[in-house]
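S.K.: Can you look at this prediction? I've put the sequence above it.
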Amino acid sequence: MARDRTIYRCSACGGMEPKWAGRCSACGAWNELVEERAAPERRSQADGRTGPRVGPRPIAEVDTDRWHPAPTHVAELDRVLAGGLVPGSTAVLGGEPGIGKSTLLLQALAGLAKDGHRCLYVSAEESAEQVRLRAERLGALPPNLWLVSTTAVPEVLEDVAAVAPDVLAIDSIQTVYDPALASAPGSVAQVRECAHRLARLAKDRSLATMVVGHVTKEGGLAGPRVLEHLVDTVLSFEGERHHALRLLRATKHRFGSTEGLGLFAMTDAGLEGVPDPSALFLADRRPGTPGSVVAPVLDGHRPLLVEVQALVTATTASMPRRAAQGLDGGRLALVLAVLGRHVTGPFTALDVHTVVAGGVTTAEPGADLALALSLLSARTGVPVAPDLVACGEVGLGGELRQVHQTARRLAEAARLGFGRAIVPQSAPATVPGMTLLRAATLAQAARLAGVQGPADLQRHAS
Ligand code: TYD
Ligand code: MG
């Protein structure tokens, strides 16, 4: 079969080259040439429209019936999608290999199929038998769920025409390819072209499409940025490989907010929603251990209680270690500097290890105070009272600042049985069920928590 002619276009200036070259002859940019079809397939109709053209209307008369989301009945996924999958839209589900993307996709399709939606699962990575075996283990064999194993996009289009599904899933965008392009599957050119064709197919047929995408080491979706522009929703599925916990977030969502957070645990029976994550994160906490402080943080709109742990030991290296796991290294450096300058004197010749227990990651300033108190508690060997949480941002002058939604965070802490909170001076007047201990500075907070240490450790007696 004769290949369609392809050209190479510069991503920087749009210039065209008949052959690949390292440098664009038009603008001189290096490594910007990407293969594409010489004559892009003529669109079925202008701009992928299916019906007759609809002219301008008053905004209130625009019909939205078609855009109702269909629930997947995977509760945590529906929460992040603000209801479910929208017909005609395309979503990409990004995540590292082995995190559970295929599992989530299969569970979502099974839920949709049980509602009577016809679903087609295109597996480009695993054989149909492998997918069926997994589906069996997940108890996901509804009659409306169709399965095919293929990698060529034209075959996918044929299968969609034959099955006429309402929902299409492609696993994954990096393994499908368009034979018209010479580039290998997974290359920028292939990912872009395939994503284009699938997004157009979704619009043309009012098909809800979900596409799996692998991420690079740096955490971005593999493939060009254009993938994120093309689709309506970008979901990112994260978690630590050695923990069962998985976090699902929308980094882009045209049909709702991107503040939702979905939490799952990977079990033998697939992904299970975690409706009460705070309780899970704190389940293994040993109250009375020095270096452990609980912080109510916020992930999107969702308040979460996490345990911040610190260990401070004499170093044997010439450069003391500063390790932050699940925390931002920059914030650890800042908190250590402020502690050293305003509370205790520098952490010289001391190794510092800090973690957020349970495989959660938080980079937000609301955990600063808990981090600071856990460091002091670790350094002095004095545990923080088990009914105490700490919530606030640490400023460079050693002052404490309120973080947004403090009341909601503390309400979550009260729900889990914590009775006292160390908070900045400006914190809300009252929080039901919570005794607020106000501190203007980190040094005052340390005294309230009882971890200021002996006088020779304190920089300021004030
Ligand atoms: P998978 O969905 O294949 O991940 P991805 O598509 O993101 O690469 O599943 C990842 C891992 O999850 C796999 O190594 C096995 C594990 N797993 C379970 O623990 N329980 C299950 O029920 C399933 C289906 C998978
Ligand atoms: Mg997979």
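M.R.: Yes, it's here. Ligands and ions are numbered 1, 2, ... in the order given.
S.K.: What ranges does this structure have for its helices?
M.R.: Using DSSP state H, the helices of the chain run over residues 75-80, 101-114, 128-137, 153-163, 188-205, 226-230, 277-282, 329-342, 368-380, 406-415, 442-449.
S.K.: Pick the most deeply packed of those helices.
M.R.: Counting by mean count of other C-beta atoms under 10 Å, helix 368-380 has the highest mean neighbour count of those, with a mean of 27. Every residue, glycine included, has its C-beta placed from N, CA and C.
S.K.: and that one, what does it pack onto?
M.R.: strand 292-299, strand 302-314, helix 329-342, strand 350-356, strand 388-390, strand 393-394, helix 442-449 (3 or more C-beta pairs under 8 Å, 6 or more residues apart in numbering; DSSP states H and E).
S.K.: In the first one, which residues are buried?
M.R.: If you call a residue buried by 16 or more other C-beta atoms under 10 Å, then strand 292-299 has these buried ones: Ser292, Val293, Val294, Ala295, Pro296, Val297, Leu298, Asp299.
S.K.: Bridged to the residue lying closest to the third one once chain neighbours are set aside, which residues?
M.R.: So that's Val294. Nearest residue to Val294, sequence neighbours excluded (C-beta to C-beta, 6 or more residues apart in numbering): Val389, at 4.7 Å. Per DSSP bridges, the residues bridged to Val389 are Val294, Ala421.
S.K.: Enumerate the residues of the stretch 251-400 of the chain near ligand 1.
M.R.: By C-beta under 6 Å from any ligand atom, the residues of the stretch 251-400 of the chain that approach ligand 1 are Met266, Asp268, Ala269, Gly270.
S.K.: and stretch 113-130, what's its mean pLDDT?
M.R.: Averaged over stretch 113-130, pLDDT sits at 95.
S.K.: Is any residue of that stretch near ligand 1?
M.R.: No - Stretch 113-130 does not reach ligand 1 (C-beta under 6 Å from any ligand atom); its nearest approach is 7.6 Å.
S.K.: could you dump that stretch to PDB, C-alpha only?
M.R.: The C-alpha coordinates for stretch 113-130 follow below in PDB (Å, rounded to 0.1, in the frame of the first residue of the first chain):
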ATOM      1  CA  ALA A 113     -22.100  -0.600  30.500                       C
ATOM      2  CA  LYS A 114     -24.300  -1.700  33.400                       C
ATOM      3  CA  ASP A 115     -26.300   1.500  32.800                       C
ATOM      4  CA  GLY A 116     -27.000   0.400  29.300                       C
ATOM      5  CA  HIS A 117     -24.200   2.400  27.500                       C
ATOM      6  CA  ARG A 118     -22.500   0.500  24.800                       C
ATOM      7  CA  CYS A 119     -18.800   0.600  25.500                       C
ATOM      8  CA  LEU A 120     -15.800  -0.400  23.300                       C
ATOM      9  CA  TYR A 121     -12.400  -1.000  25.000                       C
ATOM     10  CA  VAL A 122      -9.500  -0.900  22.600                       C
ATOM     11  CA  SER A 123      -6.500  -2.500  24.100                       C
ATOM     12  CA  ALA A 124      -3.300  -1.600  22.200                       C
ATOM     13  CA  GLU A 125      -1.000  -2.900  25.000                       C
ATOM     14  CA  GLU A 126      -2.500  -6.200  26.100                       C
ATOM     15  CA  SER A 127      -4.200  -9.100  24.300                       C
ATOM     16  CA  ALA A 128      -7.900  -9.400  24.500                       C
ATOM     17  CA  GLU A 129      -7.400 -12.600  26.600                       C
ATOM     18  CA  GLN A 130      -5.300 -10.700  29.200                       C
END
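S.K.: Report the buried residues of it.
M.R.: So for stretch 113-130, counting by 16+ other C-beta under 10 Å, buried means Ala113, Lys114, His117, Arg118, Cys119, Leu120, Tyr121, Val122, Ser123, Ala124, Glu125.
S.K.: List the ones among those that fall in strands.
M.R.: Judged by DSSP state E, the subset of those located in strands is Cys119, Leu120, Tyr121, Val122, Ser123.
S.K.: just to revisit the earlier point, and the residues of the stretch 251-400 of the chain next to ligand 1, which are buried?
M.R.: Here, 16+ other C-beta under 10 Å leaves Met266, Gly270 buried among those.
S.K.: correct me, but Gly366 touches Arg401?
M.R.: No - between Gly366 and Arg401 there is no contact under C-beta atoms under 8 Å: 9.8 Å.
S.K.: who's in contact with the residue nearest to Val294?
M.R.: Residues near Val389 by C-beta atoms under 8 Å, 6 or more residues apart in numbering: Val293, Val294, Ala295, Pro296, Leu305, Ala370, Leu410, Ala413, Phe418, Arg420, Ala421, Ile422.
S.K.: still on that earlier bit, pipe the buried residues of stretch 113-130 into a markdown table and attach distance to Ser102 per row.
M.R.: Putting the buried residues of stretch 113-130 into a markdown table (distance: C-beta to C-beta, whole Å) gives the following:
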| residue | distance to Ser102 |
| --- | --- |
| Ala113 | 16 |
| Lys114 | 19 |
| His117 | 19 |
| Arg118 | 20 |
| Cys119 | 14 |
| Leu120 | 15 |
| Tyr121 | 9 |
| Val122 | 12 |
| Ser123 | 8 |
| Ala124 | 11 |
| Glu125 | 8 |
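S.K.: so which of the residues you listed comes closest to ligand 1?
M.R.: Ranked by distance to ligand 1 (C-beta to the nearest ligand atom), the buried residues of stretch 113-130 are led by Glu125 at 7.6 Å.
S.K.: OK, contacts around that closest one?
M.R.: Contacts of Glu125 (C-beta under 8 Å, 6+ apart): Ser102, Asp171, Ser172, Thr175.
S.K.: Greatest separation within the residues you listed: which pair is it?
M.R.: Based on C-beta to C-beta, the longest span within the contacts of Glu125 runs between Ser102 and Thr175 and measures 11.7 Å.
S.K.: any chance of the helices and strands packed on helix 368-380 in a markdown table, with mean pLDDT too?
M.R.: Below are those laid out as a markdown table (pLDDT from 0 to 100):
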| stretch | mean pLDDT |
| --- | --- |
| strand 292-299 | 92 |
| strand 302-314 | 92 |
| helix 329-342 | 95 |
| strand 350-356 | 95 |
| strand 388-390 | 96 |
| strand 393-394 | 96 |
| helix 442-449 | 95 |
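S.K.: With distance to Asp63 as extra columns, can I get the ones you listed in TSV?
M.R.: As requested, the helices and strands packed on helix 368-380 are arranged in TSV below (distance: least, C-beta to C-beta, whole Å):
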stretch	distance to Asp63
strand 292-299	35
strand 302-314	33
helix 329-342	48
strand 350-356	47
strand 388-390	49
strand 393-394	46
helix 442-449	56
